[in-house]
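*Asks:* pasting the sequence and the predicted coordinates here, then a few questions.
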Amino acid sequence: MTFSPKTAVVTGSNSGIGRATALALADAGFDVGITWHTGEDGARETARRVEKRGRKAVVAQMDTSDVPACADVVDHLAEELGGLDVFVNNAGMNKPMPFLDTDLDTWRTILATNLDGAFVCMQRAARRMVVAGTGGRIIAVTSVHQEQPRVGSSAYDASKHALGGLLRTMAQELGDKGVTVNAVLPGEIATSMNNAEDEEPEKIERPGIPLGRPGDAREVAAVIAFLASPASSYVNGASWSVDGGMLQMGPQAGSHLTSHDWRKG
C-alpha cells in the first residue's frame, strides 16, 4: 500500500505543541484541521499561518471532556478537509495537586479530557481511515509521565499511563488495516503549560536534563511530522520520547535538579 497523506487533524492546535505540529504538517504539504477549547484567537492565528504556507485550514471548537460529542468534531473537520489521513491527538490538561487532596470531580475531568475524549476521537478517526482503505496515521501526544510518575499529578499520570496502553493495543489491532498508531512523549517543553511559551529554551538552564535545557515545541512537532509521513511506514506501537534524555536519568532524578553535580559520576 502506498500511503500518500494529504489531510490531518491536530487537536488542541491553538498554541504550543499543537500549533507547531499543525505548521510542520502544513510545511509537509498537509491541509490541516485545527481545534481549540478556550483559545479561539490562537486557533485562528494557527489557521492564518497554515494558509500562509499555501495549505487549507479548517477551525472548530472541541471540548474533549464532552464525550461523545467531541468525536463529531473529528467527522466535521474530515468532511471539510475532504478526508482524514492523519489524526494527532494533542489536546489535554493537567491540574497538579497532591493525591490526598484530589477530589473526584477533578479526577473525572482530567480522565475525561485526556483519556475518554482521546478514545472516542481516535476511534472515530480510525473508523474513517479503515473505511477509506488507503492507510492512515494516528499519533497521540502523551507525556514522559506515560512511563514515569510525577509527584502531585496522580490523575494526569493515570490518564497518560492508560492512554499509552490504549495506543499499544490500537497498534496491534489496526496495523493490518494499514493504520499505524504511535505515541510521542514530550518532556519539559517551553509552552504555556509550563509557563514558558514566550521564552527561548536555549536560554533556560535545566541541570537535570542531559541536554541542559527544555525542549522547543517545534522539536516535538518534527517527530510527529515524521510519524505522519510515508517514511514511518514500519513504525507501529512505538513510544517516542522527546525529552532531551530526561527519562534516562532514572534514580538520578530529572528536570528539577538544581546543579550539574550528577555529571561528575
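*Replies:* Ah, there it is. Numbering: from 1, shown residues only.
*Asks:* give me the pLDDT for the closest residue to Val50 other than its chain neighbours.
*Replies:* Distances taken as C-beta to C-beta, 6 or more residues apart in numbering place Ala57 nearest to Val50, at 4.0 Å, with adjacent residues excluded. Yep, even glycine has a C-beta here, placed from its N, CA and C like the rest. Looking at Ala57, its pLDDT stands at 98.
*Asks:* residues contacting Ala57?
*Replies:* 22, 26, 31-34, 46-48, 50-51 (C-beta atoms under 8 Å, 6 or more residues apart in numbering).
*Asks:* so which of those belong to strands?
*Replies:* Among the contacts of Ala57, the members falling in strands (DSSP state E) are 31-34.
*Asks:* just put those residues in TSV and tack on neighbour count.
*Replies:* Conversion of those to TSV gives the following (neighbours: other C-beta atoms under 10 Å):
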residue	neighbour count
Asp31	22
Val32	30
Gly33	32
Ile34	27
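*Asks:* just those residues now: which is nearest Gly245?
*Replies:* Val32 (30.5 Å; C-beta to C-beta).
*Asks:* where's that closest one relative to Val88, distance?
*Replies:* For Val32, the distance to Val88 equals 9 Å [C-beta to C-beta, to the nearest Å].
*Asks:* mutual contacts of the two, please.
*Replies:* The contact sets of Val32 and Val88 overlap at 8-10, 25 (C-beta under 8 Å, 6+ apart).
*Asks:* for Ala78, state which of those residues is nearest.
*Replies:* Closest to Ala78, out of all of those and judged by C-beta to C-beta, is Val9, at 6.9 Å.
*Asks:* that closest one against Leu77, yeah?
*Replies:* Yes - with contact defined as C-beta atoms under 8 Å, Val9 and Leu77 form a contacting pair (5.0 Å).
*Asks:* who touches the helix or strand hosting Leu174?
*Replies:* In the assignment (DSSP states H and E), Leu174 maps to helix 154-174. Here helix 154-174 makes contact (C-beta under 8 Å, 6+ apart) with 92, 94-96, 99, 102, 106-107, 110-111, 113-115, 118-119, 122, 126, 130, 138, 140, 142-143, 145-147, 149-150, 180-183, 236-237, 239.
*Asks:* of those residues, keep whichever come out buried.
*Replies:* Buried members of the contacts of helix 154-174, counted by 16 or more other C-beta atoms under 10 Å: 92, 94, 102, 107, 110-111, 113-115, 118-119, 122, 126, 138, 140, 142-143, 145-147, 150, 180-183, 236-237, 239.
*Asks:* how about the strands in the stretch 1-150 of the chain?
*Replies:* 7-10, 31-36, 57-61, 86-89, 136-141 (DSSP state E, counting those that start in this stretch).
*Asks:* neighbouring strands - and their directions - for the first one?
*Replies:* Read that as strand 7-10. strand 31-36 (parallel), strand 86-89 (parallel) (DSSP bridges).
*Asks:* report the rounded mean pLDDT for that strand.
*Replies:* Mean predicted lDDT for strand 7-10 stands at 98.
*Asks:* all set now, cheers.
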